[in-house]
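Student: pasting the sequence and the predicted coordinates here, then a few questions.
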Amino acid sequence: MRILSLSQYIALAILWCAVLLFSSSYAWGQADSASMYKLQISKDLPFEKVLQEQEPAFFSANRKLDSLKHIAINVSIITKERLKQAGVTNVPEALQLLPEFVLKIKGNGLYNVEYRGAKSTYHSTLEGSGQENLLLLLNAVPFNDALSGEVWWEAVPVSIEDIEMIEVIHSPQGTWYGYGGALGVVNIITKKSTRTAGIQLKANLQAGQFQSHAYHGSLNIGINDHIAVRVGANYQARERFQDAYFINSASRYISSDSLLFFQPEAFQTHLYTDLSLQSSGFFISSTYQWNDSIRLNADIGNQSTQAQSLFLVAEEIPFTTRESQNRWFNVHFSSPAWRVHLFHQSGDKDYAKGYAGLQYQTAKSGARLEYHKVLGRYGFLFGTEGIKDQYSPNTTLLGIPLFEEVTPSVEWSQLLLSLYLQQTATFLKNRLYLESGQRVYQKLQELEYPLGYHLALKWFFASGTSLQLSASQTVQSSQQLFENEWKFNATKIASYELGIQKQLTNKGMLKSTVFNQHQLENIPDRQFQSDMPEWGGTLEGWYQINRWTVRGHATRFFGNGFSDDRQVYTSYPDWIASISGNFSTLFNRVNLNTGIFYYSKHTEERGNTAYHIPVQWAVNIKCSYRIWNQHLLYINVRNLMNQQDVVVPFADQNHRLIMLGMNIVL
């Protein structure tokens, strides 16, 4: 394990001291604990009783709402109210609001998402293909690519308008949610139908520069006190920020007017297309509430997307379009003791339109059964899960032949069976929370009986002050997608965290976390190993002052870098920071939200070439005016400073984007 230098120890110590200065009181007071830890959930969320009481809540492994103060691991939550105020247009932009995430723009509405400085150093034929480190869940259903582990963020089959909350677990949690998620888990919770009798119609319409459009409508039908249905539909389209293409031989951008068409047979990759992103879909959710403790939810949806992409094999002009269609449904039954979850996804993936052999039909099916029992201060969860993934090449579509370096893979399938346990306990009059979990797989590719685990502790050692400790390990693997033979790489990643949190009355919070993460094993080829910092520290907090709510966070990473003649570079930003403010006035009719984001200079590697990425600043702003009831007019500006640096090799320049929109509620 890498030893920190004196200066790095000092930097981490400063983060801790900043928090400890607020923790001078060590006597446990008699204040009501329910009012002491009102952290992140807005009081006006009509979601569950626990939320109406302003207690932060989290969908734990029990698949039910749990008070966040009872969760021992490090969890962050973004509520629907904050998503609305910040003006985010997709899931990556939402994750940028949280610490330890780096968001890099590739095109209009397209992003690379990096977490805790980790990304794959292996780049296959397709940009983004390779091991990813985040497990993406939609209502606890996994949506990562089964082969590579990557996430097609533009194809996440839900609109921001359909999201109730986003949860992020800041450590490996294969024990709770299954295979993958080497460094963390993102769980998207969708809005559920409300059982209020009657019909409610909502619409969010916005349009702006670069032929950018986003439309969403939802209809909630409350049939009676037991049954309700919610229907949502969305469409968005965006053109590219620029009409220029990176030419490998020239190592620069050239106007498309000066180019000869490189491969005229591949009409679907026409160089003169302006498409950056196009997506459409629908989402239906129904709820049957037998009583306060027994519920049946069923979701069904469909999403189709096209997006600009990279195709790097022997290409002079490394651009193409990738396309996907995803059909899915899931059923969730919950009672006080039992949880049953069934889900299925099917669809088509075209990794590069116009090229033969890159089209696949995919399917994912899964079932989960859990039993939960509480015995006094102890809680136990027993669960079993089975997930089957299938990939079948679609040879019926026409296209130009592939190069010899890229051969389409044969049909592939995988069945993962697992058993998992979770144990919880409370001591010291509910001031000490202990939690542990284990999951074992019957077989995971070439690994027999791989084991994931986590241990966590939360101790409220003083009034409004808590200490968190955790240790986690999970298994991650990926396949090289386009080869005659499957190339398997297995990785075990472990993470250790130490955090302290101080509640500043009921108007603010300050939190500091120090973490260590490292790769335990990588088989069989070192070129696949994940490049990530070994140490990091995060300081975050928020405070409410009259009509202002101010939030901020800063993260410092420590790890191996490389140097040139002038200075040292790392393949991830050493510093990540943001500050945001939300201001309401005129009887809450006017709302102004501003976010400022900073990433330090670093590098991006493509093959044997390192591209130096300069310091990045991004300023986003949204201003809305409530005309009447919930009817709003707003202006949404992304990249207000119009910083046009290219922050992903071969990608578009970043430009300011101005959107005008309105919300209608009937």
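Tutor: Yep, it's here.

Student: quick one: low-confidence parts of the stretch 301-450 of the chain?
Tutor: Across the stretch 301-450 of the chain, residues meeting the criterion (pLDDT under 70) sit at 311-318, 397-409, 444-449.

Student: please redo it, this time with the cut-off set to 90
Tutor: In the prediction, the stretch 301-450 of the chain carries residues with pLDDT under 90 at positions 307-323, 334-336, 349-360, 374, 376, 391-418, 429-430, 439-450.

Student: then the stretch 101-250 of the chain?
Tutor: 104-114, 116-135, 138-159, 164-165, 170-185, 189-200, 221-227, 240-250.

Student: one more: the stretch 551-666 of the chain?
Tutor: If you take pLDDT under 90 as the line, the stretch 551-666 of the chain has these spans: 558-573, 586-588, 602-614, 628-630, 643-654, 666.

Student: any chance you could map the helices in it?
Tutor: Assigned by DSSP state H, counting those that start in this stretch, the stretch 551-666 of the chain shows no helices.

Student: mind checking the end-to-end distance for stretch 605-616?
Tutor: End-to-end span of stretch 605-616 (CA to CA, to the nearest Å): 17 Å.

Student: and the helices in the protein, which stretches?
Tutor: 6-20, 33-36, 49-52, 80-86, 91-95, 174-177 (DSSP state H).

Student: mean pLDDT lowest where, among these?
Tutor: Mean pLDDT is lowest for helix 33-36 among the helices of the chain, at a mean of 28.

Student: pretty sure Gln96 contacts Phe597?
Tutor: Yes. Proximity of Gln96 to Phe597 meets the contact threshold set by CB atoms under 8 Å, at 6.4 Å. Bear in mind the C-beta positions are built from the backbone N, C-alpha and C, glycine included.

Student: what sits in contact with each of these two?
Tutor: Common neighbours of Gln96 and Phe597, using CB atoms under 8 Å, 6 or more residues apart in numbering, are 103, 578.

Student: need the contact list for the residue positioned nearest the centre of the chain.
Tutor: The chain has Val186 as the residue nearest its centroid, 4.5 Å off, counting by CA atoms, centre = their mean. Val186 sits next to 91, 95, 134-137, 166-168 when contact means CB under 8 Å, 6+ apart.

Student: and it, how far is that from Tyr288?
Tutor: From Val186 across to Tyr288, the span is 28 Å (CB to CB, to the nearest Å).

Student: contacts only, for the nearest residue to Arg368 once chain neighbours are set aside.
Tutor: Nearest residue to Arg368, sequence neighbours excluded (CB to CB, 6 or more residues apart in numbering): His341, at 4.0 Å. Listed by CB under 8 Å, 6+ apart, the contact partners of His341 are 63, 140-141, 330-333, 366-369.

Student: from the residues you listed, pick the one nearest Asp645.
Tutor: Checking the contacts of His341 against Asp645 with CB to CB, the nearest one is Val141 at 36.7 Å.

Student: these two touch, right, that closest one and Ala367?
Tutor: No. Counting by CB under 8 Å, Val141 stays clear of Ala367, with 11.3 Å between them.

Student: pick out whichever of the two has more residues nearby.
Tutor: Val141 (24 against 15; other CB atoms under 10 Å).

Student: quick one, what contacts the closest residue to that one other than its chain neighbours?
Tutor: With sequence-adjacent residues excluded and distances taken as CB to CB, 6+ apart, Val141 is closest to Phe343, at 4.6 Å. Phe343 is in contact with 141, 328-331, 364-367, counting by CB under 8 Å, 6+ apart.

Student: of the residues you listed, closest to Pro614?
Tutor: Nearest to Pro614 among the contacts of Phe343, with distances taken as CB to CB, is Val141, at 38.9 Å.

Student: around the residue nearest to Ile493 when sequence neighbours are not counted, how many other residues sit close by?
Tutor: Leaving out its chain neighbours, the residue that sits closest to Ile493 by CB to CB, 6+ apart is Ala182, at 4.1 Å. Counted with other CB under 10 Å, residues neighbouring Ala182 total 29.

Student: all strands in the stretch 351-500 of the chain, in order from the N-terminus.
Tutor: All strands of the stretch 351-500 of the chain, identified by DSSP state E, counting those that start in this stretch, fall at 359-375, 378-393, 412-427, 432-441, 443-444, 447-448, 451-462, 465-479, 488-504.

Student: neighbours of the nearest residue to Met165 once chain neighbours are set aside, how many?
Tutor: Of all residues beyond its chain neighbours, the one nearest Met165 is Ile189 (4.9 Å), with distances taken as CB to CB, 6+ apart. With neighbours defined by other CB under 10 Å, the count for Ile189 comes to 21.

Student: residues contacting Ile189?
Tutor: Here Ile189 is in contact with 59, 139, 163-167 (CB under 8 Å, 6+ apart).

Student: can you pick out the most distant pair from these?
Tutor: Phe59 and Ile163 (13.1 Å).

Student: between these two, point out the one with more neighbours.
Tutor: Ile163 (22 against 19).

Student: that one against Asn187, yeah?
Tutor: No. Here Ile163 lies out of contact with Asn187, judged by CB under 8 Å, at a distance of 10.9 Å.

Student: is Thr474 in a bridge, and if so with what?
Tutor: Ile493 (DSSP bridges).

Student: oh sorry, the question was meant for Leu381
Tutor: With DSSP bridges as the rule, Leu381 is bridged to His372, Gln422.

Student: same deal with Phe283?
Tutor: Gly232, Gly301.

Student: quickly note the distance from the closest residue to Val151 other than its chain neighbours to Ala182.
Tutor: Residue nearest to Val151 in three dimensions, not counting chain neighbours: Leu136, with 5.0 Å by CB to CB, 6+ apart. For Leu136, the distance to Ala182 equals 13 Å [CB to CB].

Student: show me where the stretch 551-666 of the chain has strands.
Tutor: 562-563, 568-569, 575-585, 590-599, 602-606, 609-613, 616-628, 631-638, 657-665.

Student: now those strands in TSV, with distance to Ile73 and mean neighbour count?
Tutor: Supplementary listing: the strands of the stretch 551-666 of the chain in TSV, determined by distance: least, CB to CB, whole Å; neighbours: other CB atoms under 10 Å:
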stretch	distance to Ile73	mean neighbour count
strand 562-563	34	10
strand 568-569	33	12
strand 575-585	21	18
strand 590-599	26	19
strand 602-606	29	18
strand 609-613	32	15
strand 616-628	29	17
strand 631-638	32	18
strand 657-665	35	17
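
Student: these: which one's closest to Tyr351?
Tutor: Judging those by CB to CB, what sits closest to Tyr351 is strand 602-606, at 18.0 Å.

Student: and the angle from the closest one to strand 575-585?
Tutor: 110 degrees (axes from the mean of the first three to the mean of the last three CA atoms, to 10 degrees).

Student: quick one: distance of strand 602-606 to the chain centre.
Tutor: 22 Å (CA atoms, centre = their mean, to the nearest Å).

Student: show me what that strand pairs with in its sheet, parallel or antiparallel.
Tutor: strand 609-613 (antiparallel).

Student: could you report the pLDDT at Tyr453?
Tutor: 89.

Student: OK, contacts around the residue lying closest to it once chain neighbours are set aside?
Tutor: Nearest non-adjacent residue to Tyr453, counting by CB to CB, 6+ apart: Gln438, 5.0 Å away. Gln438 is in contact with 175, 420-421, 451-453, counting by CB under 8 Å, 6+ apart.

Student: touching, Ser470 and Ala72? I think so.
Tutor: Yes. Using CB under 8 Å, Ser470 is in contact with Ala72, at 6.9 Å.

Student: what do the two both touch?
Tutor: 456-457.

Student: quickly compare the strands of the stretch 351-500 of the chain and say which is most buried.
Tutor: Highest mean neighbour count of these: strand 465-479, a mean of 22 (counted as mean count of other CB atoms under 10 Å).

Student: so what does that one touch, helix or strand wise?
Tutor: helix 174-177, strand 451-462, strand 488-504 (3 or more CB pairs under 8 Å, 6 or more residues apart in numbering; DSSP states H and E).

Student: wait, which of the ones you listed is closest to Leu434?
Tutor: Nearest of the helices and strands packed on strand 465-479 (CB to CB): strand 451-462, 5.6 Å.
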